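**Student:** Turn this into a model:
(2 chains)
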Number of protein chains: 2
Amino acid sequence: MSAKPPTSLDVAREAGVSQATVSYVLNDRQGVRISDETRARVLEAVDRLGYVPHAGARTLRTGHSGLVLVPLVDVPYGPLAVGLMEELDRELSRLGYTMIQYGARRLKGMAAARAWAELRPVAVLAPAGRLTRQSVDVLRSAGIKAVIGIGVVGWSSEIVSTMTLDHEGIGATAAEHLLARGSRTLTAIVPAEDGLRDMGLLRAAGVRRVAAARGVPYTRVDLAFSEAATAARLDMWRAVDTTGHARTKHGVFAYNDEYAMLLMAVLADNGFSVPGDVAVVGCDDLPLANLLRPRLTTVRLDVTTGPAMLAQTLDEIVRGGAAGQRRLALWSHALVERDST
Amino acid sequence: MSAKPPTSLDVAREAGVSQATVSYVLNDRQGVRISDETRARVLEAVDRLGYVPHAGARTLRTGHSGLVLVPLVDVPYGPLAVGLMEELDRELSRLGYTMIQYGARRLKGMAAARAWAELRPVAVLAPAGRLTRQSVDVLRSAGIKAVIGIGVVGWSSEIVSTMTLDHEGIGATAAEHLLARGSRTLTAIVPAEDGLRDMGLLRAAGVRRVAAARGVPYTRVDLAFSEAATAARLDMWRAVDTTGHARTKHGVFAYNDEYAMLLMAVLADNGFSVPGDVAVVGCDDLPLANLLRPRLTTVRLDVTTGPAMLAQTLDEIVRGGAAGQRRLALWSHALVERDST
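**Tutor:** Residues are numbered from 1 along each chain as shown, chains lettered A, B, ... in the order given. This next block holds a predicted model:
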C-alpha cells in the first residue's frame, strides 16, 4: 500500500496505456473506440492499485457531483424526520443522486455555506433559517445548481425554492375534530424542550385559530415531559357542573403521540375518564398510538409523496428545466379516528 | 453571479495581490508576514466574489479533509441509533471533524468503497459487513487514515479497528433478571421485520445462553408487530396448574420497549396479569416505558461514553498515534427495574 493515493497516471503506467485512454475507459466516453483487451487491462490496473477518482475530478467531467447535501439540524430527530430522510435518500438514489447528511450542526450563516460548498454538492436542501441571500449567493457561486429551503407554511422566499411544513394545519385539524366530537374547550400542549417548542407553538397556533373562529375557550399549556408537571396542570379540567348536569367535555391536542401517552397515563392515574372528561388527540400515529387504551386518535402525516416530489423537483432544477421558485408541501396530513376523542 | 465558480486567481486579481498571498491569508500560514491591510483586502475580495476553496484543495493543504464519513445503513433508525449519531457528531465537532452520513444505502462492496473514497474523508466508520480486505485497501489507498468497523461482539477483524455492539449481553442481562424475579420459563421475542431481525436473533441468543446455563425451558418467538399475531401466541402461557398451586410465572424478553408495549396490551386485553402470570422486560428505556402500567422494566443502553471514546480513538488513529487494531464498546447497558417483572 503506497503512502500517496495512486493517480490516473499511475494507472496508465501500470496498464501500459496513455493517461487519455484511462480517462476514456473510466468515463465510458462515447465515440471513442477502445478494444476490450485494453479496457480490461485498465480496469485490472485500477483494481490492483486501488485507484479512486476524486469527487472533484468527477465534477469536472460530468458537470455535477451528484451529491445532495442536507445539513443536520440541532433538534431531536423523531421518527417522522428519520422516515422523511430515508424516503428522500431512496428517491434521490433512484434518480442517480447521493444524499449526504452534513454534521457540524452549530455552523451558521456564511461559515456553514462555505463548509457545505467545499464538498461541491449539486444541490443543498437546508432549513430556511440557515439560508440568507448572501449564503445562497456563496452556494450558487460555488456551482451548486439547486438550493432548496425548508420552511413553515407562510414563510416565503424569493431567493430559493421551498419545501413547506404545515404544522399549523395539524393543530387546526385536531381542533376541528375535537369540536366535532363535542369538546367545549380547547387546549394545546406545547413541549418545553428546545427543538420541539417551535414546532409546538406552530401547532398550537392552529388550535388557537380554530378556537377563535368558533368562540371556544382556548388554553396553551407549556409542558415538560414529566408526570409530575402534567399532574400539576389537571385542575383546569376538574371543575364539575354543580347542578348535576354532565361535566364539560374538554379537548386537548397533545402535540404528539408521546405527549398524548403521558397525558393519558396521568389522567387515568388521577381518575379522569378519556374521552368522557378529556378527549385527547396525538400526532404521528406511532405504533404506540394504537396500543393505548383507549386507542389514541391522532394526526398522521403522509410522507410518501413529499420526498418523491422533492427529489423530482430538485432533479428538474439541476437539469435546468425549472423556471422560477417552486413551492412544495413536504407532507399531507389526515386524522386517524380512534377511541380517545 | 458568474456562471463559473471564482478561483483563488480571481480573488488575487480582485484584491490586487499575488495568488500566493491569497493562499497565505486563507491558510493562516505560519512564518509569513502579511500586513493587516493586505489581509483585509483579500478577505473582502473573498466575500465579494463568494470564493470557496474546494475540499480537495484543503486536503492538499492540511493533509486531511476533516470529514468523517458514516454510511447510512438499510435498517430502520430507532431512537438509539439516532441518539448515537447525534452524540458522535457533537464529539467529532469538538475535535475539529465534520461527520457526514452518506446515503446510497444499496451500494455494496467495492462500489461503495470507491464512492466513499471519492469524497476524500479522513476517516470512515462503516458496518463491519460492508468492509472487506479489498474495500479497506481501496479506502486506505485513497488516503483515508482511519477505517473503523462497527460489528457485534465476537466479530473480529485483523484489518480495521472495531466498535462492538453487545446485543447478546442485553438479552443475557434481561434473562438473569427474569430468573432472579422468579420466572420459571424464558421466552425471547424476535421481530419479524427486516433490519430488526438480525439484532433480535443476537439478543435472543443471550437469553438462550442463560436458559441453557440454568436449565430453564427456553422458547424463541418470531413475531410481526401486530396485535393479532401476538394474541395467537398467548396459549403457551395459558397452562394453569390444575392442583390449585400457583401458576408458573413466565419471563419474556420482548426485544425492545415497543414490542413490550405490544405484548403488555395484548396480555391485558386477554386477562393475563403482568407480572403475575408473565413478567416482561423491554429494551431502550423510551419515554413510553415509564408511562406503561405496570411501569416497564427495561434494559437501558448508556451511549454517553461510547461516542466520545470513538471520536477520541479516531482522532488518535488519524494523528498516527494509535498502534495496532483497537476495540471499543459502543455502549454499556444496565437494567432499569420497574414493575413489570
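
**Student:** What segments of the stretch 1-150 of chain A are strands?
**Tutor:** With DSSP state E, counting those that start in this stretch as the criterion, the stretch 1-150 of chain A has strands at A:67-71, A:98-102, A:123-127, A:146-152.

**Student:** Just checking: what are the partner strands of the first one?
**Tutor:** Applying DSSP bridges, strand A:67-71 is found paired with strand A:98-102 (parallel), strand A:123-127 (parallel).

**Student:** want to throw those into CSV with mean neighbour count?
**Tutor:** To be clear about C-beta, it is placed using only N, CA and C from the backbone, and glycine gets the same treatment. CSV is the format used below for the strands paired with strand A:67-71 (neighbours: other C-beta atoms under 10 Å in any protein chain shown):
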stretch, mean neighbour count
strand A:98-102, 24
strand A:123-127, 24
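
**Student:** can you list the weak-confidence ranges in the stretch 151-300 of chain A?
**Tutor:** Where the stretch 151-300 of chain A drops to pLDDT under 70, the residues are A:153-156, A:239-246.

**Student:** What residues does it have near chain B?
**Tutor:** A:225, A:227, A:258, A:261-262, A:265, A:268, A:287-288, A:290-293 (C-beta under 8 Å from any C-beta of the partner chain).

**Student:** For ChimeraX, what selects the buried ones among those?
**Tutor:** The ChimeraX command for the buried members of these (criterion: 16 or more other C-beta atoms under 10 Å in any protein chain shown) is given here:
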select /A:258,261,262,265,287,288,290,291,292
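
**Student:** Of the residues of the stretch 151-300 of chain A next to chain B, which pair is most distant in space?
**Tutor:** The span of these, defined through C-beta to C-beta, is set by A:Glu227 and A:Asn290 at 22.3 Å.

**Student:** mind listing the helices for the stretch 1-150 of chain A?
**Tutor:** Assigned by DSSP state H, counting those that start in this stretch, the stretch 1-150 of chain A shows helices spanning A:8-15, A:19-27, A:36-49, A:55-62, A:79-94, A:109-118, A:133-141.

**Student:** how close does the residue lying closest to A:Val32 once chain neighbours are set aside get to B:Met261?
**Tutor:** Take A:Val32 and drop its neighbours on the chain: the residue closest to it by C-beta to C-beta, 6 or more residues apart in numbering or on different chains is A:Tyr24, 4.6 Å away. Going from A:Tyr24 to B:Met261 by C-beta to C-beta, to the nearest Å gives 59 Å.

**Student:** quick one on the thing from earlier: I'd like to know which of the strands of the stretch 1-150 of chain A lies nearest to B:Ala126.
**Tutor:** strand A:98-102 (14.3 Å).

**Student:** Quick one: work out the angle between that closest one and helix A:79-94.
**Tutor:** Counting by axes from the mean of the first three to the mean of the last three C-alpha atoms, to 10 degrees, strand A:98-102 points 140 degrees away from the direction of helix A:79-94.

**Student:** what's next to strand A:98-102, contact-wise?
**Tutor:** Counting contacts by C-beta atoms under 8 Å, 6 or more residues apart in numbering or on different chains, the residues outside strand A:98-102 that touch it are A:66-72, A:85, A:88-89, A:92-93, A:115-116, A:119, A:121, B:72, B:98, B:100-104, B:115, B:119.

**Student:** I'd say A:Ala174 and A:Leu296 touch.
**Tutor:** No: contact status for A:Ala174 versus A:Leu296: not in contact, 11.7 Å apart, counting by C-beta atoms under 8 Å.

**Student:** Now for the two: what residues contact both?
**Tutor:** With the criterion set as C-beta under 8 Å, 6+ apart, the overlap between the contacts of A:Ala174 and A:Leu296 is A:Val281.

**Student:** which ones are touching the residue positioned nearest the centre of chain A?
**Tutor:** Here the mean C-alpha position of chain A is nearest to the C-alpha of A:Ala81 (C-alpha atoms, centre = their mean), at a distance of 4.4 Å. Contacts here follow C-beta under 8 Å, 6+ apart; on that basis A:Ala81 touches nothing.

**Student:** Show me the longest helix that occurs in chain A.
**Tutor:** Among the elements of chain A assigned as helix by DSSP state H, the one spanning the most residues is helix A:197-214.

**Student:** Just the buried residues of it, please?
**Tutor:** Under the neighbour-count rule (16+ other C-beta under 10 Å), helix A:197-214 has A:199-211 buried.

**Student:** From these, pick the one nearest chain B.
**Tutor:** Closest approach to chain B among the buried residues of helix A:197-214 (C-beta to the nearest C-beta): A:Gly200, at 15.8 Å.

**Student:** and the residue nearest to that closest one when sequence neighbours are not counted, how many neighbours does it have?
**Tutor:** Nearest-residue entry for A:Gly200: A:Val190, 3.7 Å, with adjacent residues in sequence omitted and distances by C-beta to C-beta, 6+ apart. Counted with other C-beta atoms under 10 Å in any protein chain shown, the neighbours of A:Val190 add up to 23.

**Student:** Check the gap between A:Val190 and chain B for me.
**Tutor:** Counting by C-beta to the nearest C-beta, to the nearest Å, the gap between A:Val190 and chain B amounts to 17 Å.

**Student:** partners of that residue in the sheet?
**Tutor:** Here A:Val190 sits in beta bridges with A:Asp222, going by DSSP bridges.

**Student:** Correct me if wrong: it contacts A:Leu223.
**Tutor:** Yes: counting by C-beta under 8 Å, A:Val190 does reach A:Leu223; the two are 7.0 Å apart.

**Student:** Quick check: buried residues in stretch A:314-331?
**Tutor:** Result for stretch A:314-331 [16+ other C-beta under 10 Å]: buried residues A:314-315, A:317-318, A:322, A:326, A:328-331.

**Student:** where's the dip in pLDDT among the residues you listed?
**Tutor:** Confidence by pLDDT is poorest for A:Ala322 among the buried residues of stretch A:314-331, given 58.

**Student:** quick revisit: among the buried residues of stretch A:314-331, which two are most distant?
**Tutor:** Between all members of the buried residues of stretch A:314-331, the longest pairwise span (C-beta to C-beta) is found for A:Val318 and A:Trp331 and amounts to 23.1 Å.

**Student:** residue contacts, A:Gly211?
**Tutor:** In this structure residue A:211 is Ala, not Gly. Under the criterion of C-beta under 8 Å, 6+ apart, the neighbours of A:Ala211 are A:175, A:186, A:217-218.

**Student:** rerun that using 6 Å as the cut-off
**Tutor:** Applying C-beta atoms under 6 Å, 6 or more residues apart in numbering or on different chains to A:Ala211 gives the contacts A:186, A:218.

**Student:** Any figure for the gap between it and A:Glu337?
**Tutor:** When C-beta to C-beta is applied, the distance between A:Ala211 and A:Glu337 equals 20 Å.

**Student:** got the domain boundaries for chain A?
**Tutor:** By the assignment in automatic domain parsing, chain A contains the domains A:8-53, A:67-165+A:304-332, A:169-301.

**Student:** How far off centre is the longest one?
**Tutor:** The reference is to domain A:169-301. What separates the centre of domain A:169-301 from the centre of its chain is 25 Å, taken as C-alpha atoms, centre = their mean, to the nearest Å.

**Student:** Check stretch A:36-56 too.
**Tutor:** Using C-alpha atoms, centre = their mean, the distance from the centre of stretch A:36-56 to the centre of the chain it belongs to is 39 Å.
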